[in-house]
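Visitor: Got a predicted model here, sequence first, then my questions.
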Amino acid sequence: MKNTSLIITSICTLALVACGPGRTEQAELDKAAAEAEKAAKPVAELPPPITKNTIYRCRGGSVIYVDIFGDNESAQIRIDDEVSIPVRLASSENGSFSSEDGNITLSGSGDKITATLPDKGSLACNS
């Protein structure tokens, strides 16, 4: 009887050891595929930080909000109120900024700028 119990216990122990925490081939393939997919995704590029924002008051009562981005290659402008849709401007060779369609331009720097707006023409503005 003791021999039979010893044999059954040995068989059960061997069966439990065989069911250990080993990985299957499919699990390894899935892990490798997930890592490859993660590596293939492009890294998100953050926009440049806003380094300067200035409020300009223009002749005729217009107010222009200008945000200069960290790369000094682009700016954002809002006209007359802070809830208006901002327009992205790009820098040109002479240091002025203009919109993609060319309707809005900003030139000058510091406290005085000249802005050309579609409905208002050319405006001299001070901060």
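Guide: Arrived safely. Numbering: from 1, shown residues only.
Visitor: Okay, helices next: where are they in the protein?
Guide: 2-18, 25-40 (DSSP state H).
Visitor: Could you dump those helices into a markdown table with distance to Phe97 added?
Guide: All C-beta spots, glycine's among them, are computed from the backbone N, C-alpha and C. As requested, those are exported to a markdown table (distance: least, C-beta to C-beta, whole Å):
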| stretch | distance to Phe97 |
| --- | --- |
| helix 2-18 | 72 |
| helix 25-40 | 37 |
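Visitor: rank those by mean pLDDT and give me the bottom one.
Guide: When those are compared by mean pLDDT, helix 2-18 comes last with a mean of 71.
Visitor: any chance of the helices of the chain in a markdown table, plus mean neighbour count and distance to Thr114?
Guide: Below are those laid out as a markdown table (neighbours: other C-beta atoms under 10 Å; distance: least, C-beta to C-beta, whole Å):
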| stretch | mean neighbour count | distance to Thr114 |
| --- | --- | --- |
| helix 2-18 | 9 | 83 |
| helix 25-40 | 9 | 48 |
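Visitor: Identify whichever of the ones you listed lies nearest to Leu117.
Guide: Evaluated with C-beta to C-beta, these place helix 25-40 nearest to Leu117, the distance being 45.0 Å.
Visitor: Can you report how many residues lie near Tyr56?
Guide: Per other C-beta atoms under 10 Å, the neighbour tally for Tyr56 reads 21.
Visitor: ok, it - contacts?
Guide: Val63, Ile64, Tyr65, Val66, Ile113, Ala115, Cys125, Asn126, Ser127 (C-beta atoms under 8 Å, 6 or more residues apart in numbering).
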